[in-house]
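Engineer: Okay, structure incoming, though there's no sequence with it:
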């Protein structure tokens, strides 16, 4: 059988200097491929391109702070406020390609552009490039197992063949645009550790990078 791999993650891009909010949500407001930090395997993508107008906390989008979504921008807001949409569950400097992966049940990723002194919130002259791993304050949670999105493919997620030896994530409930064909039932270090019933190996990343998937 020809091996196929998932592309791992699709990120939610948030350019803080300017642009438009774009998105598609066929299933549960997830990301097309595990929404997101690199390629992924999901059925929906939310790509807020945003202009940061001001920060609410001492550090822009620090852990446990919240963001709001808008059509042309997003801002950091109090988590108890009506505009709060998602909470930061992890925050790292640099890029997703070089930094640690987001937590497994992250719903989407905001990429934070480096800022100049004029837009710096703490007065040190720079806001470094980074990324924030976000979790919606309310359902749906595409990053949950079987949710059909998020920046990572994890155990419990379902995938379908997208051609050229690739697979992408889709909601296990089967109500998305694409029906699930395989379900990741186990994560292991090497293919030889997968159950005999494994029909597909899915690239997960991390210390157990091989996902063992069975047909549905």
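Structural biologist: In hand now; what should we look at? This is a predicted model, so every value here is computed, not measured. Residues are numbered from 1 along each chain as shown.
Engineer: Show the pLDDT at residue 53.
Structural biologist: Residue 53 is assigned a pLDDT of 41 by the prediction.
Engineer: same deal with residue 133?
Structural biologist: Confidence at residue 133, expressed as pLDDT, is 95.
Engineer: Could you check how far it is from residue 208?
Structural biologist: According to Cβ to Cβ, to the nearest Å, residue 133 and residue 208 sit 19 Å apart. C-beta: built from backbone N, CA, C; applies to glycine.
Engineer: Compare those two (neighbour count), which wins?
Structural biologist: The neighbour comparison of residue 133 against residue 208 (other Cβ atoms under 10 Å) goes to residue 133, with 29 against 14.
Engineer: what about the more buried one, helix or strand, and which?
Structural biologist: Secondary-structure assignment from DSSP states H and E places residue 133 in strand 130-136.
Engineer: How about residues contacting that strand?
Structural biologist: With contact meaning Cβ atoms under 8 Å, 6 or more residues apart in numbering, strand 130-136 is reached by 11-12, 29, 37, 61, 67, 85-96, 99, 102-103, 105-112, 141, 143, 151.
Engineer: Are any of those buried, and if so which?
Structural biologist: 11-12, 29, 37, 61, 67, 85-92, 96, 102, 105-112, 141, 143, 151 (16 or more other Cβ atoms under 10 Å).
Engineer: In strands, which of those residues fall?
Structural biologist: Secondary structure defined by DSSP state E assigns 67, 86-92, 108-112 of these to strands.
Engineer: Among those residues, which one lies nearest to residue 193?
Structural biologist: Checking those against residue 193 by Cβ to Cβ gives residue 90 as the nearest, at 28.1 Å.
Engineer: Hmm, residue 63 and that closest one touching each other?
Structural biologist: Yes. With contact defined as Cβ atoms under 8 Å, residue 90 and residue 63 form a contacting pair (6.5 Å).
Engineer: so what's the backbone phi/psi at residue 192?
Structural biologist: For residue 192, the backbone dihedrals are phi -60, psi -20 (criterion: degrees, to the nearest 10).
Engineer: can I get the ones in strands among the buried ones among the contacts of strand 130-136 in TSV with pLDDT?
Structural biologist: Below are those laid out as TSV (pLDDT from 0 to 100):
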residue	pLDDT
67	91
86	94
87	95
88	95
89	97
90	96
91	94
92	94
108	91
109	91
110	89
111	86
112	84
